[in-house]
Structure formats: C-alpha cells, structure tokens
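1. Predicted structure and sequence below. I'll ask about it afterward.
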Amino acid sequence: MAYYRKIQKKINGKWYPQSVTIGKPVQTKEVANRLADLSALSPGDCYSMLGNLGKVLGEFMNSGRTVKLDGVGTFYYTANTSGQGVDSEEEVSAKQIVGTRVRFIPEVARSVGGQVSTRSLVSENTFWEELKLDSSASSSGGNDDEGVTENPLG
C-alpha cells in the first residue's frame, strides 16, 4: 500500500495528493533477506552482492557505459555544467563540467501499440490510501509527522 496526504499549492491554491513514505528506510540487510527468500542464495551472499553493487555500477558508468539491470532499469552518468556556455565548439572542454549525476530510468514493458504496459518497480496492484496521522501513527505518540517523509521523487 502506498500513502498520500493532501497538500495545498501556494501558487494556485488548489489541493493535490502528495506521496509520502512512512517509517524508516528499508536497509540493505532487509533487502538481502528478502532476496534470499526469493532465490537460492544465502542472506549473507545477497548482502555481500548488494554491498558491492554500487562500486560495480560506478566502475561501468565511469568507463562511459550505461548499466541495464533486467527487471530494474538503466543507470547512466550525466554531466553537470557550470551553466556558462562558450561561443565555439573548439572552446568546449571538461573544465565546464562541475559535477556528475547518476540518472535512473525504470524498466518498462510496452504493448504492441507502444503504450507502457508495466513498470518493473511499480506494482500493478498499488493501492493509494490517505495517510491520516493520529497518536498511533507516530512513533513519538504525538501528531508531529515523525516517521513520515515527503517522497523526494514526487
């Protein structure tokens, strides 16, 4: 089940549902245990593999390649530039790059007509429910949104 809360946008005064997360983030150990339940690997093997995943993905992307994980999606680097363009192609250089970002595109399956039919990370059975905070919803016992976080991805 996914959760939302009602928010009012200051720019137009209209109300919208906004996704929120609850509780603490799922940690690597919990993901490893779940993967072990679904595979022939031990929880320790899964944990070790997940611990090395970021390094391996970074090595591939650092060599100029994208990384596609079946059932998950594609990861790739993009360059952040200083925002200052130059007048000619000859002036373009790596000095204009001030940072690197990792981009992620979730895997999708398309139907014959080209419509997106499934997204691997989005369950077809997602049920959205309004999150109503009360004394039992907060770990501190109050009505203060503790343990509730606005989804950074929208």
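-> Nice, I can see it. Please read all numbers here as calculations on a predicted model, not as lab measurements. Numbers count the residues shown, from 1 in each chain.

2. Distance from the chain centre to the longest helix along the chain, please.
-> Under DSSP state H, the helix in the chain containing the largest number of residues is helix 43-62. Its chain's C-alpha centre lies 17 Å from the corresponding centre of helix 43-62 when counted by CA atoms, centre = their mean, to the nearest Å.

3. Tell me how many other residues crowd the residue nearest to Q84 when sequence neighbours are not counted.
-> Excluding its sequence neighbours, the residue lying closest to Q84 (CB to CB, 6 or more residues apart in numbering) is Q96, at 6.9 Å. C-beta: built from backbone N, CA, C; applies to glycine. One way to gauge burial is a neighbour count; for Q96, by other CB atoms under 10 Å, it gives 15.

4. and if you look at M61?
-> A count of neighbours around M61, defined by other CB under 10 Å, yields 17.

5. Return the backbone torsion pair for the residue nearest to it when sequence neighbours are not counted.
-> Excluding the flanking residues, the one nearest M61 by CB to CB, 6+ apart is Y77, at 4.8 Å. Note on Y77: backbone dihedrals following degrees, to the nearest 10 are phi -90, psi 150.

6. Make 21 the first number, not 1, from now on.
-> All set: I'll call the first residue 21, so the last point we hit is now Y97.

7. Show the contacting residues for Y97.
-> Contact analysis of Y97 by CB atoms under 8 Å, 6 or more residues apart in numbering lists M81, N82, T120, R121, V122, R123.

8. Okay, helices next: where are they in the chain?
-> Under the criterion DSSP H, helices of the chain are mapped to 48-58, 63-82.

9. From L153, how far off is the residue nearest to Q104?
-> From Q116 over to L153 the distance is 46 Å, taken as CB to CB, to the nearest Å.

10. Check E111 too.
-> Between E111 and L153 the computed distance is 55 Å (CB to CB).

11. Also I31?
-> Computed as CB to CB, the I31 to L153 distance reads 25 Å.

12. And for D57?
-> In this structure, D57 lies at 32 Å from L153, with CB to CB as the measure.
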